[in-house]
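*Asks:* Here is the input, now give the coordinates:
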Amino acid sequence: MNERQETAAPPDQTPSAARPPGYPVELEQSLTLRDSRRVFIRPIIPADELILEHELREADAETLYQRFFTTQPKLDAKRRYFMVHIDYRWRLALVAFAEDGRAVGIGRYEGAPGPAQAEIALVISPAWRRVGLASTLLHLLTEAARARGLRRFVALCLQDNQAMAALLAHAGFDPPQPNAGVAVAEKTLF
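*Replies:* Below you'll find the predicted structure:
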C-alpha cells in the first residue's frame, strides 16, 4: 500500500450508497495503533477497485514479491473486479485507511462453501508495519471468519518471510511447513 493514496470518501465512514447487499457494517471500526496513529478499518467495497489498482501500481517491489511471489503480478481488470466483489462470508477483505484517507493495509481471506477453510493474505504499507496493523487485521479476520462458520485458516508465505512467520506464530498458527521456498501454516479457528 502506498502512502500517497488519495480518496474522495472520508476515511471514517462508508457511504450507505456504496455498501453492496450483505455489507457487514458491524466490521467497521476506528482504532489506535501502538504508535498512536489512527486507522479506520472497513470491509472492501466495489468502489475500492480504483484504490486497489492505484496501490498495486505504486507498491514497492518487495511488498509485491512478499504478497504475490512476483514483483509483477498479473492483476488485470477481471482479477481486480474479483478482489473487490466479495460475498462477505466465504470471501472477506478488510481495508485500513489512515486519517488522511490513504489505504495503508488490507487483510483478506478467500474460501468457498464446503471445506469451511480459507486462505489468508495481508499487505501492509511499509511505513505502517510493526505498529500492530497486521496483527489487528488478522485478529479481525479471525473473529469474522469464526462468526461466519469458517473452521480453518491457511496461510502461504515465502519461506524467508520472517515477519509473516512471526505474525502467524503470534496468532497461534501451526509452525510453517516449507516446501520449495513457500511455507504453509494453518490454524484451527474453533
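*Asks:* okay, CA-based contacts and neighbour counts for the rest of this
*Replies:* OK.
*Asks:* Out of the helices and strands in the protein, which is least certain?
*Replies:* Sorting the helices and strands of the chain by mean pLDDT, DSSP states H and E puts helix 61-68 at the bottom, at a mean of 74.
*Asks:* Name the surrounding residues that touch that helix.
*Replies:* Helix 61-68 has contacts (Cα atoms under 8 Å, 6 or more residues apart in numbering) with 56, 70-73, 121-123, 125-126, 157-158, 161.
*Asks:* what does stretch 14-29 give?
*Replies:* Applying Cα under 8 Å, 6+ apart, the contact partners of stretch 14-29 are Ala9, Phe40, Ile41, Arg42, Pro43, Ile45, Pro46, Ala47, Asp87, Tyr88, Ala144.
*Asks:* quick one: the last one from Ile106, how far?
*Replies:* The one in question is Ala144. Here the distance between Ala144 and Ile106 works out to 15 Å (Cα to Cα, to the nearest Å).
*Asks:* which parts of stretch 33-49 are buried?
*Replies:* For stretch 33-49, the neighbour count (16 or more other Cα atoms under 10 Å) marks Arg38, Val39, Phe40, Ile41, Arg42, Pro43, Ile44, Ile45, Pro46, Asp48, Glu49 as buried.
*Asks:* re earlier: out of the contacts of helix 61-68, list just those in helices.
*Replies:* Of those, the ones assigned to helices by DSSP state H are Leu56.
*Asks:* Out of the contacts of helix 61-68, which comes closest to Leu140?
*Replies:* Nearest to Leu140 among these is Leu122, at 12.0 Å by Cα to Cα.
*Asks:* and the spatially most central residue of the chain, what does it touch?
*Replies:* Per Cα atoms, centre = their mean, the C-alpha nearest to the average position across the chain is that of Gly107, at 1.1 Å. By Cα under 8 Å, 6+ apart, the contact set of Gly107 is Ala93, Leu94, Val95, Ile120, Ala121, Leu122, Val123, Ala134, Leu137, Leu138, Leu141.
*Asks:* Fine, thanks again, bye for now.
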